[in-house]
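Got a predicted structure here, sequence first:
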Amino acid sequence: MRFSEYLLLFCGMGLATYLPRALPLLYLAHKRLPQWLIDWLSLIPVAILSALLAPSLFADAADRNFELGRIELLVAIPTLIFALKTRSLGGTVLAGMLLFWLAGLYL
Amino acid sequence: MMSVLVFAGSAQFICVAMLGANASIAAIVMTTFVVNLRHVLMSSALAVYLSGVSRRFLALYSYGVTDESFAVNMTRFRAGGWDRWRALIVNHLANSVWILATVTGSLVGQFVPAGAFGIDYALTGMFICLLVFQLQGRIYILTGLLAASISVTWYLLIPGDSYIVGASMLAATLGYFLKVRYRRSK
């Protein structure tokens, strides 16, 4: 990608970040969002993270084939347990990297 | 530079992952928008405490609404004895640290050779942990599993990057209806 395209991307993302924060504060001062929308929105982050993560664990990026037993998936299991036990972001990233590195060396 | 324009950690990391997957600009901006929709909720909740405040203040303030600053400010507002200027300081202090850390990171990052020490797995590890933070109940776990299976299927069958937005919105909708049914059956 060229520089101008990156600039376009960042400006677009900037708008997409800023507007959802600013508009409700500016115009929704006392109104309340309907409960169904609140419930739906609360499920969005978990769904997005899961949708981003899962294909990299279960499928091959080059030819998009389903694959069980990829190193990414095998390493994800202890990494997940580590994250559940410690709830530490930095620790989980380091543990995942270490395991992935070791798995690459020995498997 | 990205950290100045886009003060949103999760959206930035997702953008890096999508750039790696050769996603289009439109798809990345769209994903950013959907990821940040949750701030609509936070801003709406904060609006109760900031009613009658000038538009200029709100425009400056809303730039710094993030998960973390929201959590801090909302707790303080509720407890009382907290004014909007202190809340504004919290927001922009967090932003300054964020920008500083980005600059440091990109300077140090140059010296990390590609593929060293499992660096390829850093994003995956981070997503796993962020996912764990999000799991606050059975319905969240269920939605996460739904999103995972839908996105894998979508990814295998449909070329392009629509699987991210498509699978997450579909899974959240299904999760919502499951929640509604569960509530009714009780």
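Sure thing, it's come through.

quick one: low-confidence ranges for chain B?
In the predicted model, chain B carries pLDDT under 70 at residues B:1-120, B:160-161, B:186.

Can you spell out the domain ranges of it, please?
As assigned by automatic domain parsing, chain B contains the domains B:2-114, B:135-186.

Could you confirm whether the shortest one reaches chain A?
Right, the one you point to is domain B:135-186. Yes - residues of domain B:135-186 contacting chain A under CB under 8 Å from any CB of the partner chain: B:135, B:139-140, B:143-152, B:155-156, B:159, B:163-164, B:167-169, B:171-173, B:175-176, B:179. Every C-beta, even on glycine, is put in place using the N, C-alpha and C of the backbone.

Tell me which helix or strand A:G96 sits in.
Using DSSP states H and E, A:G96 sits within helix A:89-106.

Counting neighbours, show which residues of that helix come out buried.
A:L89, A:T92, A:V93, A:L94, A:A95, A:G96, A:M97, A:L98, A:L99, A:F100, A:W101, A:A103 (16 or more other CB atoms under 10 Å in any protein chain shown).

surely the third one meets B:C129?
Yes - in this structure A:V93 lies within contact range of B:C129 using CB atoms under 8 Å: 7.0 Å.

what about chain A, any weak spots by pLDDT?
Residues of chain A meeting the criterion pLDDT under 70: A:1-33, A:38, A:41, A:45, A:61-62, A:107.

Might you report the residue contacts of the closest residue to chain B within it?
Closest approach between chain A and chain B, counting by CB to the nearest CB: A:G96, at 2.7 Å. Contact analysis of A:G96 by CB atoms under 8 Å, 6 or more residues apart in numbering or on different chains lists A:V75, A:A76, A:T79, A:F82, B:G118, B:Y121, B:A122, B:T124, B:G125, B:I128.

Those residues in strands, which ones?
Assigned to strands by DSSP state E, none of the contacts of A:G96 qualify.

Return the member of these nearest to A:A47.
B:I128 (15.2 Å; CB to CB).

contacting residues around the closest one?
Here B:I128 is in contact with A:L53, A:A76, A:T79, A:L80, A:A83, A:T92, A:G96 (criterion: CB under 8 Å, 6+ apart).

now A:V93
Contact analysis of A:V93 by CB under 8 Å, 6+ apart lists B:A122, B:G125, B:M126, B:C129.

Apart from its neighbours in sequence, what residue is nearest it?
Leaving aside its sequence neighbours, A:V93 sits nearest to B:G125 (CB to CB, 6 or more residues apart in numbering or on different chains; 4.3 Å).

Now that A:E72 has come up, it's in contact with A:L57, right?
Yes - between A:E72 and A:L57 there is a contact under CB under 8 Å: 5.1 Å.

Nearest to chain A within chain B, name that residue for me.
Counting by CB to the nearest CB, chain B gets nearest to chain A through B:G125 (2.7 Å).

Compute the number of surrounding residues for that residue.
By other CB atoms under 10 Å in any protein chain shown, 28 other residues sit near B:G125.

Touching, it and A:T79? I think so.
Yes - judged on CB under 8 Å, B:G125 makes contact with A:T79 at a distance of 5.6 Å.

Quick check: neighbours shared by the two?
Any residue near both B:G125 and A:T79 by CB under 8 Å, 6+ apart counts here, and that gives A:T92, A:A95, A:G96.

how about a markdown table for those, with distance to A:R64 added?
A markdown table is the format used below for the shared contacts of B:G125 and A:T79 (distance: CB to CB, whole Å):
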| residue | distance to A:R64 |
| --- | --- |
| A:T92 | 27 |
| A:A95 | 29 |
| A:G96 | 23 |
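
Among these, pick out the one closest to A:E67, please.
Nearest to A:E67, judged by CB to CB, of the shared contacts of B:G125 and A:T79 is A:G96 at 19.0 Å.

Which residue is the nearest non-sequential neighbour of the closest one?
Of all residues not flanking A:G96 in the chain, B:G125 sits nearest, at 2.7 Å (CB to CB, 6+ apart).

any idea how far the one you found lies from A:P34?
Taking CB to CB, to the nearest Å as the measure, B:G125 falls 37 Å from A:P34.

for B:T143, same thing?
Distance of B:T143 to A:P34, given as CB to CB: 19 Å.
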